[in-house]
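Enquirer: Model the following, please.
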Amino acid sequence: MFGRLRALTTRLFTPLAALLLRLGVSPDAVTITGTVGVVVGALWLFPTGHLFAGVMVVMVCAFADVLDGVMARREGRSGPWGAFLDSTLDRLADAAVFVGLTLWFVRADDPRLTPDLAAWGTGVALACLALGAVVPYARARAESVGMTAQVGIAERADRLVAALVAAGIVGLGVPPVVLVVVLGLLALASAVTVVQRVATVRRQALALVTTRPEEKEDGR
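Expert: Model prediction:
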């Protein structure tokens, strides 16, 4: 779903990317600016109860994640450094979103938040924060040892958009329990993804162990 959305936004952002490049703006500058916008919006607006405004700021700034890629490709600068910077700052932006939501539950300034609901919300938001960090780490660690772990029931974009949509509609008046349920489902999806990636790497590791004796025999 979001792969098709990315293709559409790429076409939409191509004129803007060309303009920024002509003005001397680098893709790295766009990446950093977008991340700063997400972090500031999430950590300032979410904890103070401005959920809908926070979602709007985060979503607008998140488009920099598409724009910088378009700029890099047009300039012929796509490479390891850009991929590293983009991935690293993505983790920072994701963390800011879930930290901001956690602080909203902790503060419990919204009269719709009962103590029990605030406690559950804090727990599932923290679970999303922790598991959201483990999911990409499992893939990166697998690739560092020569294996792949590109499996999972929910991609990063899916999880982030679901959390933001839920937060946005709660900011518009929907009961906060909706956000708690969505975050709980996202935490569960992340946990399942971690298990899937661990199992995938284990299968590859076992297959590698079983093929080595055969390779040795073939070489004699």
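Enquirer: in the protein, what secondary structure element scores lowest on mean pLDDT?
Expert: Using mean pLDDT, DSSP states H and E, helix 2-22 stands out as the lowest-scoring helix or strand of the chain, at a mean of 75.
Enquirer: Run the chain-centre distance for that one.
Expert: 20 Å (C-alpha atoms, centre = their mean, to the nearest Å).
Enquirer: likewise stretch 70-89?
Expert: 17 Å.
Enquirer: where exactly do the helices run in this protein?
Expert: 2-22, 27-45, 51-62, 64-75, 80-107, 115-144, 156-171, 177-219 (DSSP state H).
Enquirer: List the contacts of the least confident helix or strand of the chain.
Expert: The contact list for helix 2-22, computed with C-beta atoms under 8 Å, 6 or more residues apart in numbering, reads 30, 63, 66-67, 69-71, 74-75, 155, 157-158, 161. C-betas here are computed from N, CA, C, even on glycine.
Enquirer: hmm, back to that, any chance of the helices of the chain in JSON lines with mean neighbour count as columns?
Expert: JSON lines is the format used below for those (neighbours: other C-beta atoms under 10 Å):
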{"stretch": "helix 2-22", "mean neighbour count": "13"}
{"stretch": "helix 27-45", "mean neighbour count": "20"}
{"stretch": "helix 51-62", "mean neighbour count": "20"}
{"stretch": "helix 64-75", "mean neighbour count": "21"}
{"stretch": "helix 80-107", "mean neighbour count": "18"}
{"stretch": "helix 115-144", "mean neighbour count": "18"}
{"stretch": "helix 156-171", "mean neighbour count": "20"}
{"stretch": "helix 177-219", "mean neighbour count": "15"}
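Enquirer: Redo those as CSV? Include distance to Gln150.
Expert: What follows is the helices of the chain, written out as CSV (distance: least, C-beta to C-beta, whole Å):
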stretch, distance to Gln150
helix 2-22, 13
helix 27-45, 23
helix 51-62, 22
helix 64-75, 19
helix 80-107, 14
helix 115-144, 7
helix 156-171, 12
helix 177-219, 8
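Enquirer: mean pLDDT lowest for which of those helices?
Expert: Mean pLDDT values for the helices of the chain show the minimum at helix 2-22, a mean of 75.
Enquirer: Next, work out how far apart the most centrally placed residue in the chain and Arg202 are.
Expert: The centroid of the chain falls nearest to Arg156 when counting by C-alpha atoms, centre = their mean (4.1 Å). Using C-beta to C-beta, to the nearest Å, Arg156 is found at 23 Å from Arg202.
Enquirer: what does Gln196 give?
Expert: For Gln196, the distance to Arg202 equals 11 Å [C-beta to C-beta].
Enquirer: go on, Ile153?
Expert: Distance from Ile153 to Arg202, by C-beta to C-beta: 18 Å.
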